[in-house]
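S.K.: Below: sequence and its predicted model.
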Amino acid sequence: MIIGILKEPVGESRVALLPDSVKNVISWGVSVLVEYGAGAKSYSPDPLYQEAGAEMKSRLEILQASDMVLTINPPSLEEVGRMKPEAVFLGQFNALFNQEFTQSLIQNQRTAFSMELVPRTTRAQSMDVLSSMATVMGYKAVLMAANLLPRFFPMFMTAAGSISPARVLILGAGVAGLQAIATSRRLGATVFAFDVRAAAKEEVLSLGAKFVEVEGAKEDKGAGGYAVEQDEDFLNRQKEAIHEQASKSDIIITTAQIPGRKAPLLVEERTVLAMKPGSVIIDLAASSGGNCALTQPAQTVEVNGVRVVGVDNLAGTLPQDASKMYGKNYLNFLKLIIKDGQLNLNFEDDIVAGTCVCHQGEAVSPRIAQLINT
């Protein structure tokens, strides 16, 4: 069996597998081909892959020779067409949101696994790329905000007087939000956090933040730990609570997303206008529409002295550790579908089935099947 690892597009610094992970895969009796320069931006030059036992090849050679192709971002549909018909494609395709790409995979009878579809179960935690990258993003978002904020994070007692701590509001207390809370607290800020999930309150409080509570949130045990869409009444009360807290905050970090849907609007334009000049909003949901009304993907917008940063691929700004975490998630998943050096797709396994976008033209993941049938 041959596994190919592609170089990511311009603007992406991560790589699907670092040399240490490649060494692991080769120990299973699998051959690995790596595109020239694939790990360069993750500080893993070609000689390190060769030392690990991989062969360096061109992109076209990898597409044509591999039984499985690994990426992070999806390649072009033209490149998918150059793969062997029976080859398996593994990456993070945002399959629920990127419906055109998903439909094309199905229509062209491809077999593809999209890692953001990994079920959020205890058994699948070691394969959860969303959680891994959310950890990176939550940490880096706070550092970005600290760099932009025109004042200190911690409280200082100086001969020139006292400096009060920065006030940070975190919207969404999933993995990214909790990491943002922890990092903000380490830097000495006073932190408030909001989440529609009641279970998040205990975690927020355990990290030393204060929980902003809005009663009456709808929850769905079948949502796999994700937030779900709320009714109009709750949304109105939520916006008022956020507006009140935001107008007193120096920094807002938004992390709220709903898989396969546009990100919920949490910070209205009036809220931005009510914030103090010099305040900063870091919107981690920019790629799916943004949690702030003024967010522009991959851009910084300044309104009334408030900077709104629509981040794009923040995980890629820490390419070494992000790639290491990503690769470990991939290795744990590959162990499920590679046995004795050969591909073995067991769709009776809930993780394998739940992560599979399609197999030979048929939708496999229940979430994908539901999407294409509606």
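M.R.: Okay, I see it. Computed from a predicted structure; not experimentally measured.
S.K.: what about the strands in the stretch 51-200 of the chain?
M.R.: 55-57, 68-70, 88-91, 111-114, 156-158, 161-163, 167-171, 190-194 (DSSP state E, counting those that start in this stretch).
S.K.: So which of these is nearest Ala134?
M.R.: Proximity to Ala134 (Cβ to Cβ) singles out strand 167-171 among those, at 12.5 Å. Where C-beta positions appear, they are placed from N, C-alpha and C, glycine not excepted.
S.K.: what's the angle between that closest one and strand 190-194?
M.R.: 20 degrees (axes from the mean of the first three to the mean of the last three Cα atoms, to 10 degrees).
S.K.: do you know which of the strands of the stretch 51-200 of the chain lies nearest Ile338?
M.R.: strand 68-70 (8.4 Å).
S.K.: What is that closest one packed up against?
M.R.: Here strand 68-70 touches strand 2-5, strand 88-91, going by 3 or more Cβ pairs under 8 Å, 6 or more residues apart in numbering; DSSP states H and E.
S.K.: Just name the most buried of these.
M.R.: Among these, the stretch with the highest mean neighbour count (mean count of other Cβ atoms under 10 Å) is strand 2-5, at a mean of 25.
S.K.: Does anything pack onto the helix or strand that it is followed by? Which helices or strands?
M.R.: Using DSSP states H and E, the helix or strand that directly follows strand 2-5 along the chain is helix 19-26. Under the contact criterion of 3+ Cβ pairs under 8 Å, 6+ apart, helix 19-26 touches strand 31-35, helix 46-52, helix 319-337.
S.K.: want to try CSV for the ones you listed, with mean neighbour count, distance to Ile258 and mean pLDDT as columns?
M.R.: Shown next, in CSV, are the helices and strands packed on helix 19-26 (neighbours: other Cβ atoms under 10 Å; distance: least, Cβ to Cβ, whole Å; pLDDT from 0 to 100):
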stretch, mean neighbour count, distance to Ile258, mean pLDDT
strand 31-35, 23, 34, 98
helix 46-52, 16, 38, 98
helix 319-337, 20, 22, 97
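S.K.: any chance you could map the strands in the stretch 251-374 of the chain?
M.R.: 251-254, 280-283, 300-303, 306-310, 338-339, 342-343, 356-359, 362-363.
S.K.: Start and end of stretch 286-302, how far apart?
M.R.: Stretch 286-302 stretches 16 Å from its first residue to its last (Cα to Cα, to the nearest Å).
S.K.: Now that stretch: buried residues?
M.R.: Ala286, Ser287, Ser288, Gly289, Gly290, Asn291, Cys292, Leu294, Thr295, Val301 (16 or more other Cβ atoms under 10 Å).
S.K.: any idea how far it is from the chain center?
M.R.: 16 Å (Cα atoms, centre = their mean, to the nearest Å).
S.K.: Quick one: mean pLDDT for it?
M.R.: The pLDDT scores in stretch 286-302 average 93.
S.K.: next one: stretch 367-374
M.R.: Rounded mean pLDDT across stretch 367-374 is 82.
S.K.: what do you get for stretch 193-212?
M.R.: The model assigns stretch 193-212 a mean pLDDT of 91.
S.K.: Skipping its backbone neighbours, what lies nearest Ala241 in space?
M.R.: Val214 (5.0 Å; Cβ to Cβ, 6 or more residues apart in numbering).
S.K.: for that neighbour, helix, strand, or coil?
M.R.: coil (DSSP: H, G, I helix; E, B strand; the rest coil).
S.K.: got a list of what it touches?
M.R.: Val214 makes contact with Phe194, Val196, Phe234, Arg237, Gln238, Ala241, according to Cβ atoms under 8 Å, 6 or more residues apart in numbering.
S.K.: Sketch out the low-pLDDT regions of this structure for me.
M.R.: 216-230, 260, 374 (pLDDT under 70).
S.K.: Would you mind giving the domain segments of it?
M.R.: Using automatic domain parsing, the domain parsing of the chain gives 2-127+318-372, 135-317.
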